[in-house]
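Peer 1: mind looking at a prediction? Sequence and model below.
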Amino acid sequence: MRLRLPFLAQLAVFLPLLLPGLALAQNLRFTSMDIGQGDAAVLVAPGGCAVLFDGGPTGSGTTIKAYLKSIGVTHVQMAFVSHLHTDHMGGIDEVDVGTDAVPIDGVYDNGGTYSSTAYTEYDSHFAGKRHAVTVGQTFSVCNQVTLKVLHSNENNADENANSVVVKISYGAFDALVGGDLTGATPDLETGVAPSVGEVEVYKVHHHGSKYSSNDTFLSTIKPLASFISVGVGNTYGHPAPETLAALGNIGSDVWQTEDPSLSVKRGHIELTSATGSSFTVTQGPTSTTYASKGQSGDIQPPTAPGSLVASAASTSEIDLSWSASSDNVGVTGYNIYRSTNGTSFSLAGSSTTTGFSDLGLANATTYWYRVTATDAAGNESAVSNTASATTGSLTRTLAVTSPNGGESWAGSSSHAITWSSSNVSNVKLEYTLNNGTSWTVIASSVAASTGSYTWTVPNSASTQARVRITDAVNGTPTDTSNAVFTITTASPGQVILNEIMANEPGSDTGGEYIELVNVGGSPVDLSGWTLWDATSSRHTFASGTSLAAGKAIVVFASAANIPTGLSNAVAASTGTLSLNNTGDTVTLKNAAGTTITSYTYASSLAGTDGVSMNRSPDASASGTFVLHTSVSSLSGSPGKRANGTAF
């Protein structure tokens with residue numbers, strides 16, 4: 001079954017907040033309303049945010065408003081109109097009018113037109129608040145319930161085929177609402193089925209018509225319960241016996257608002273769920289509880305983005321930057337939400353980086369922003385902090401504060417480039433080694449608000465180095481270090497044999513070891529280098545092995561003999577070093593087979609059990625080998641200086 005997240009999932013284009021006057025639902029509520037031969041349903045998130053799905057035929061508004069108020073809903077955030085037939089949208093504008101009105105913030109439909117009085121009234125009433133949906137759009141209701149659009153207008157001559165299909169997800173619970181989507185001619189259901197997956201509840205298409213709910217579609221979605229909105233005395237033969245049989249064949253319980261076969265009005269079908277793991281369907285005196293089918297896979301959302309900063313770039317642009325989110329699988333992108341009142345947010349765009357430029361804004365207007373992160377499984381994080389900015393003609397400034405002239409930095413060392421800024425969202429960093437004749441990019445885009453960037457200084461000597469910082473979005477302003485600074489180069493790496501344990505403690509030859517030390521000023525890549533005794537290669541260093549300047553690495557004959565806690569040690573790749581006590585030769589060769597260093601010792605340096613031979617002075621390329629007890633009180637110091645301290 002497809003994955004669900006109890007809070008935010010997938011891309012969101014609507015982020016309503018809990019406002020005064022909304023029902024405090026505490027549980028999820030989904031109701032298929034009894035409005036006769038037509039369709040209307042109500043969804044209320046646990047936090048109280050309310051959504052309508054269709055509005056029934058003309059005259060249904062009174063019934064819908066009464067029901068909404070009976071469950072404490074006095075404000076509807078959004079209403080979906082599946083398609084433009086009167087029995088689905090005739091009463092939607094009626095909900096939004098009168099002294100008993102339940103205001104609707106916006107309506108979402110297939111974006112088409114239709115020739116009918118009901119459509120004309122609907123289009124006129126919701127002018128400015130009507131939005132066309134697209135496949136893939138996802139809405140988050142109270143940050144708890146996800147609504148994803150799976151089908152919309154295909155410009156089909158049959159308006160039923162243009163029905164908006166929405167999948168509702170709350171924890172492990174899924175429901176499908178799709179108006180009068182067709183499953184025969186044309187067959188749209190078969191194509192949409194894979195994106196639906198299995199669901200718990202299916203609001204049956206087209207009132208149970210035989211031209212919808214085909215076998216392929218039903219065998220894919222496999223609902224536990226199916227709700228049919230239908231009217232007594234309808235002349236269409238709804239619900240069709242074929243549809244009822246097909247639902248029965250997949251084991252789905254059928255609930256009907258009215259039963260034409262018995263001329264009985266059964267009333268609203270009301271569903272409630274605390275967490276989505278189970279749900280209860282109630283109609284009049286009848287009530288049934290179902291266990292949801294569950295979920296598996298990645299359900300962990302990313303962490304929320306942090307440190308969101310908004311800054312006006314011009315009279316029509318605001319630039320945003322934020323700190324990156326983390327995720328157990330990986331963050332795939334960010335959703336940016338905008339508000340003009342600081343309360344109701346809608347999607348402004350998305351980004352795969354930690355920055356975003358919001359263009360085409362009104363001058364001298366304040367905008368508020370929030371950001372969420374998404375991962376590959378469609379999980380969406382909680383929102384970031386809120387940041388705001390006001391568009392206008394602003395002065396943008398940048399100034400390098402370090403390095404600003406006179407410094408001396410060693411090549412390959414790390415230093416902070418620092419700057420001050422105002423009204424700049426992101427900066428580009430560059431350096432020059434020839435006082436500006438040519439420039440090299442350090443970082444193409446860094447959040448200006450950080451004011452600092454850690455730079456690994458190039459290992460190239462220069463007395464004419466400078467750093468330049470530029471507005472990464474607009475190209476100006478820009479600023480350069482006031483004067484040149486110096487970069488000194490480190491000496492090259494030099495690896496020496498520093499300590500050799502040929503006469504291991506006791507009789508376990510696994511205790512033999514060879515210690516190498518980099519006495520140069522730069523790291524050395526040991527990948528493919530080899531250690532030899534007089535007869536053959538005993539160890540090959542693994543790819544990626546690097547020995548930093550001033551550091552040591554020890555090769556032991558056996559992994560079992562590496563002292564606990566010694567991290568700069570490895571076991572000989574052949575399982576032995578084979579160092580003779582009577583004398584031997586130890587040779588270090590690079591990956592090309594060239595000898596780097598070699599030492600031949602006599603029995604005098606290997607004749608004392610458990611005592612190594614060590615350079616004197618310790619870690620000196622020119623030092624001679626002596627017994628370790630000659631340079632310190634210790635008999636050996638693998639991976640450490642001769643006195644036992646760390647390198």
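Peer 2: That came through fine.
Peer 1: low-confidence stretches in the chain?
Peer 2: For the chain, the stretches flagged by pLDDT under 70 are 1-25, 294-299, 377-378, 393-394.
Peer 1: which stretches in it count as helices?
Peer 2: Assignment of helices within the chain using DSSP state H yields the ranges 61-70, 86-89, 92-95, 117-125, 189-196, 215-221, 241-249.
Peer 1: closest to I318 out of those?
Peer 2: helix 117-125 (32.9 Å; C-beta to C-beta). C-beta here means a position set from N, CA and C on the backbone, and glycine is covered the same way.
Peer 1: neighbouring contacts of the closest one?
Peer 2: 58, 81, 84, 86, 89-90, 92-93, 96-97, 107, 113, 130 (C-beta atoms under 8 Å, 6 or more residues apart in numbering).
Peer 1: point to the residue nearest the middle of the protein.
Peer 2: The residue lying closest to the centre of the chain (C-alpha atoms, centre = their mean) is V331, at 2.8 Å.
Peer 1: hang on, the earlier thing: okay if I get the helices of the chain as CSV plus distance to G520?
Peer 2: Output for the helices of the chain, formatted as CSV (distance: least, C-beta to C-beta, whole Å):
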stretch, distance to G520
helix 61-70, 78
helix 86-89, 79
helix 92-95, 78
helix 117-125, 78
helix 189-196, 60
helix 215-221, 66
helix 241-249, 78
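Peer 1: tell me the most buried of the ones you listed?
Peer 2: helix 86-89 (a mean of 26; mean count of other C-beta atoms under 10 Å).
Peer 1: packing partners of that one?
Peer 2: strand 50-55, helix 117-125 (3 or more C-beta pairs under 8 Å, 6 or more residues apart in numbering; DSSP states H and E).
Peer 1: run the angle between the first one and helix 117-125 for me.
Peer 2: For strand 50-55 against helix 117-125, the angle between stretch directions is 150 degrees (axes from the mean of the first three to the mean of the last three C-alpha atoms, to 10 degrees).
Peer 1: walk me through which strands strand 50-55 pairs with, and which way each runs.
Peer 2: Strand 50-55 has these partner strands in its sheet, going by DSSP bridges: strand 40-44 (antiparallel), strand 78-80 (parallel).
Peer 1: identify the residues contacting that strand?
Peer 2: 22-23, 38-45, 61, 64, 68, 73, 75-82, 88-95, 104, 141, 147, 166, 177, 179, 203.
Peer 1: sorry, back to before: minimum distance to T432: which of the helices and strands packed on helix 86-89 has it?
Peer 2: Comparing those by C-beta to C-beta, strand 50-55 comes nearest, at 58.1 Å.
Peer 1: buried sites along that closest one?
Peer 2: Within strand 50-55, the residues that qualify as buried are A50, V51, L52, F53, D54, G55, counting by 16 or more other C-beta atoms under 10 Å.
Peer 1: once you drop chain neighbours, what's closest to the second one?
Peer 2: Ranked by C-beta to C-beta, 6 or more residues apart in numbering and with sequence neighbours excluded, the top spatial neighbour of V51 is L43, at 4.4 Å.
Peer 1: swap in S603?
Peer 2: T582 (4.9 Å).
Peer 1: from T600, how far out is the one you found?
Peer 2: According to C-beta to C-beta, to the nearest Å, T582 and T600 sit 12 Å apart.
Peer 1: likewise H88?
Peer 2: 94 Å.
Peer 1: how about S412, what does it touch?
Peer 2: S412 neighbours (C-beta under 8 Å, 6+ apart): T456, V457, P458, N459, A490, S522, P523.
Peer 1: try it again at 7 Å.
Peer 2: Counting by C-beta atoms under 7 Å, 6 or more residues apart in numbering, S412 makes contact with T456, V457, N459, A490, S522.
Peer 1: ok, the last one to S491 distance?
Peer 2: With distances taken as C-beta to C-beta, S522 is found 7 Å from S491.
Peer 1: which one of these two is surrounded by more residues?
Peer 2: Between S522 and S491, counted using other C-beta atoms under 10 Å, S522 has the larger neighbour count: 16 against 10.
Peer 1: how about the more buried one, nearest residue that isn't a chain neighbour?
Peer 2: In space, S522 is closest to G493, 4.6 Å off (C-beta to C-beta, 6+ apart).
Peer 1: pretty sure the one you found contacts A549?
Peer 2: Yes - using C-beta atoms under 7 Å, G493 is in contact with A549, at 6.5 Å.
Peer 1: related to what we said a few turns ago, count of neighbours near the residue nearest to V51?
Peer 2: If you count neighbours by other C-beta under 10 Å, L43 ends up with 26.
Peer 1: what sits against it?
Peer 2: Applying C-beta under 7 Å, 6+ apart, the residues contacting L43 are F30, V51, F53, I168.
Peer 1: for H238, same thing?
Peer 2: Here H238 is in contact with H207, G208, S209, V230 (criterion: C-beta under 7 Å, 6+ apart).
Peer 1: hmm, the second one is touching P239, no?
Peer 2: Right, G208. Yes - with contact defined as C-beta under 7 Å, G208 and P239 form a contacting pair (2.5 Å).
Peer 1: now distance to W532 too, for the helices and strands packed on helix 86-89, in a markdown table please.
Peer 2: Below are the helices and strands packed on helix 86-89 laid out as a markdown table (distance: least, C-beta to C-beta, whole Å):
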| stretch | distance to W532 |
| --- | --- |
| strand 50-55 | 75 |
| helix 117-125 | 87 |
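Peer 1: can you say which of the ones you listed is nearest to A313?
Peer 2: Between the helices and strands packed on helix 86-89, strand 50-55 lies closest to A313; by C-beta to C-beta that is 35.9 Å.
Peer 1: between helix 61-70 and the closest one, find me the angle.
Peer 2: Using the same axes, to 10 degrees: strand 50-55 against helix 61-70 is 160 degrees.
Peer 1: gap between strand 50-55 and the chain center?
Peer 2: Relative to its chain's centre, strand 50-55 lies at 30 Å (C-alpha atoms, centre = their mean, to the nearest Å).
Peer 1: next one: stretch 419-434
Peer 2: So, by C-alpha atoms, centre = their mean, the centroid of stretch 419-434 is 28 Å from its chain's centroid.
Peer 1: same question, stretch 605-616
Peer 2: With C-alpha atoms, centre = their mean, you get 57 Å for stretch 605-616.
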